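Trainee: fold the following, please.
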Amino acid sequence: MRAHRNNHTSIARHPRRGGFTLVELLVVIGIIAVLIGILMPVLSKARAQANRVVCMSNIKQLYNGILMYCNDNKGYLPTCAMGTGGSYVPFPEDWIHWQANRNLTNSAIAKYVGRGEQLKRLLRCAADSFEGRKARGSAAEGPYLYSYHLNANAGHNFKPYGPFWRSKITEWRVPSNKILLTEGSEAFVLQPAIDYASPLAQRHGSAVFHGNVPGFPQLTRGMRNGSNVSTVFVDGHAEGIDQDFAFDQSRWEPSSPW
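Mentor: Numbering: from 1, shown residues only. Just a heads-up that it's a prediction; the model follows:
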């Protein structure tokens, strides 16, 4: 009996502990914070890579739509859909009917790649943002709310409508070197047409520009411009390019021999 009483007393004096101390909790929180700090850049990089894969898929599908359009139109490329003003007017042949006062479903390539929301998704890179986009000209047209831009030399929507200049896809010399679709800067390229002296998007990365365009601060030597920019060429292959690569007029002109 005496041994039993001593054992009971011992249990009463040393109750079983049921929780963490403040120090232990702080250690656990610290470990979790370190793990989050390690994982966040990895997850961010993985998300960026996934967005770029989707973006490259989009631009390849748009190329397929343009190619099918060419096949149905005696080899002619669609027009570049330059915004209204000066010498430009909307054409039915515009590759994208992007303006607020036009119907996107009537875009020249829509019948080949899908209409409605399907077409909108295809025209928008997952890494792109459309908040605060500025309108280029009239309020009726509104801002350009899509990610991709057609080489303006594919075909110009000059006025008056009737005899107009546009190229045939077979007329492009060295097609593997000629840019057809790419991603222009949302801050500077405010319509769906683009040329060699236009800044590229930086949504997939940036690099120092080594060229120079007098009077255009964004394209002066040393400025950071787009890199890994999703681009499809006239021959149909796609790759990421940077501003230095794009700043070569021969890559934009159908008659250039290189």
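Trainee: quick one: low-confidence ranges for the chain?
Mentor: 1-19, 42-43, 162-164 (pLDDT under 70).
Trainee: report the longest helix in it, please.
Mentor: helix 22-72 (DSSP state H).
Trainee: which strands or helices does that helix pack on?
Mentor: helix 110-113, helix 116-122, strand 179-182, strand 229-233, strand 238-241 (3 or more CB pairs under 8 Å, 6 or more residues apart in numbering; DSSP states H and E). For glycine as for every other residue, the C-beta is placed from the backbone atoms N, C-alpha and C.
Trainee: run the chain-centre distance for the helix or strand that the last one is followed by.
Mentor: Okay, so that is strand 238-241. Toward the C-terminus, strand 238-241 is succeeded by helix 243-246 as the next helix or strand (DSSP states H and E). Chain-centre distance of helix 243-246: 16 Å, with CA atoms, centre = their mean, to the nearest Å.
Trainee: and stretch 73-81, by the same measure?
Mentor: Distance, centroid of stretch 73-81 to centroid of chain: 23 Å (CA atoms, centre = their mean).
Trainee: now do the buried residues in that stretch.
Mentor: Y76, L77, P78, T79, C80, A81 (16 or more other CB atoms under 10 Å).
Trainee: quick revisit: could the helices and strands packed on helix 22-72 be laid out in TSV, adding mean neighbour count and distance to F91?
Mentor: Converted to TSV, the helices and strands packed on helix 22-72 look like this (neighbours: other CB atoms under 10 Å; distance: least, CB to CB, whole Å):
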stretch	mean neighbour count	distance to F91
helix 110-113	18	14
helix 116-122	14	18
strand 179-182	24	18
strand 229-233	25	22
strand 238-241	17	26
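Trainee: picking up where we left off before, quick one: the longest helix of the chain to strand 229-233, angle?
Mentor: 20 degrees (axes from the mean of the first three to the mean of the last three CA atoms, to 10 degrees).
Trainee: with distance to F130 as extra columns, can I get the helices and strands packed on helix 22-72 in JSON lines?
Mentor: Converted to JSON lines, these look like this (distance: least, CB to CB, whole Å):
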{"stretch": "helix 110-113", "distance to F130": "20"}
{"stretch": "helix 116-122", "distance to F130": "11"}
{"stretch": "strand 179-182", "distance to F130": "18"}
{"stretch": "strand 229-233", "distance to F130": "17"}
{"stretch": "strand 238-241", "distance to F130": "22"}
